[in-house]
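*Asks:* okay, here's the prediction I keep looking at, along with the sequence it came from:
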Amino acid sequence: MDHRSKVAEQKRLVMRAKLLDAAMRVYADHVGPGPVIDDVIREAKVSRGTFYKYFDSLEQVLIALGRELSNQMTSDVLPVYDVLTEPWQRAAVGFRVFLVRALLDRKWAGFVTRVDVWPHHTLVAQYMAADLEKGKALGQFTFDIVDVATDFLMGASAHGIQAIRQGVPDPHRYMDASVHMALSSLGCDRETCARGVAFSLAYLKSWALGELAAGRPFWALNMSSKDGRMFLSHGSAPAPDTSGNTTEPVLAPDSQPQ
């Protein structure tokens, strides 16, 4: 590829990203009937002709944006998630991290709760299905059909993101209870559910504080914000054990499952 072709391709990618970002802002903040193409081009400050050079319809924009956001989220957390070996740990951390981002990144939460960003071909669904299958094989989970379990957890995650963005009295206790119920729905016993609640909290707090080797995405960096401080102050956070066999994190009194 010659220099002019590289420059043209770079400009194309920048404009496409600009349109996608404008669409996310429009959907995150829109009130009333669904947005239309004019809303997106007005937000992006481009012409209708420019829009149609990149996308045929608003639906095509949403499909592309939903897929990219879902895959980007998975890529963001892979460094901290993929080092975990126990399925119950992966399930607990994977479920909680989406709720934590909803608290810290309201624009993202506003978009993902308004459109379908959870299709089965995304990295989120693929990793989740693989973890569920492994957990079932190891006897940690009990369910009949992996697709049903995946759909159930993804639906619960999407609703939890929406609830946290709209506001719940205590978002962190809400997250604790959500992780507990997610593991319970997979057939985990009460002890494993409690371990998952405590482990996921301690592990993600250590990540947010930069205590783990894994890098942090932009949305996990601002821990000095009000929501960031609330997250870090919730419960207790002993050094997490990634083996799943020793040094159990202890639930704080307000995090004990009922």
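*Replies:* Happy to help now that I have it. This one's a predicted model, so the numbers in the text were calculated from it and none came from an experiment.
*Asks:* regarding Ser70, what is its secondary structure?
*Replies:* For Ser70, the secondary structure call by DSSP: H, G, I helix; E, B strand; the rest coil comes out as helix.
*Asks:* right, and it touches Met128 too?
*Replies:* No. Using CB atoms under 8 Å as the test, Ser70 is too far from Met128 to be in contact (11.3 Å). Backbone N, C-alpha and C define where each C-beta goes, glycine included.
*Asks:* the more surrounded of the two?
*Replies:* The residue with more neighbours, out of Ser70 and Met128, is Met128; 25 against 20, by other CB atoms under 10 Å.
*Asks:* for the more buried one, which non-adjacent residue is closest in space?
*Replies:* Thr150 (5.3 Å; CB to CB, 6 or more residues apart in numbering).
*Asks:* how near is the spatially most central residue of the chain to Tyr127?
*Replies:* Residue closest to the average C-alpha location in the chain (CA atoms, centre = their mean): Phe98, at 2.9 Å. According to CB to CB, to the nearest Å, Phe98 and Tyr127 sit 12 Å apart.
*Asks:* ok, the residue nearest to Met128 to Ala213 distance?
*Replies:* Separation of Thr150 from Ala213 (CB to CB) stands at 29 Å.
*Asks:* settle it for me: which of the two has more neighbours?
*Replies:* Thr150 (22 against 9).
*Asks:* which residues does stretch 33-51 contact?
*Replies:* With contact meaning CB atoms under 8 Å, 6 or more residues apart in numbering, stretch 33-51 is reached by 15, 18-19, 21-23, 25-27, 30, 57-58, 61.
*Asks:* make TSV from the residues you listed and add neighbour count to it.
*Replies:* Shown next, in TSV, are the contacts of stretch 33-51 (neighbours: other CB atoms under 10 Å):
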residue	neighbour count
Met15	16
Lys18	16
Leu19	23
Asp21	14
Ala22	21
Ala23	25
Arg25	17
Val26	22
Tyr27	23
His30	14
Ser57	11
Leu58	19
Val61	24
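*Asks:* which of the residues you listed has the weakest pLDDT?
*Replies:* By pLDDT, His30 ranks lowest within these, coming in at 67.
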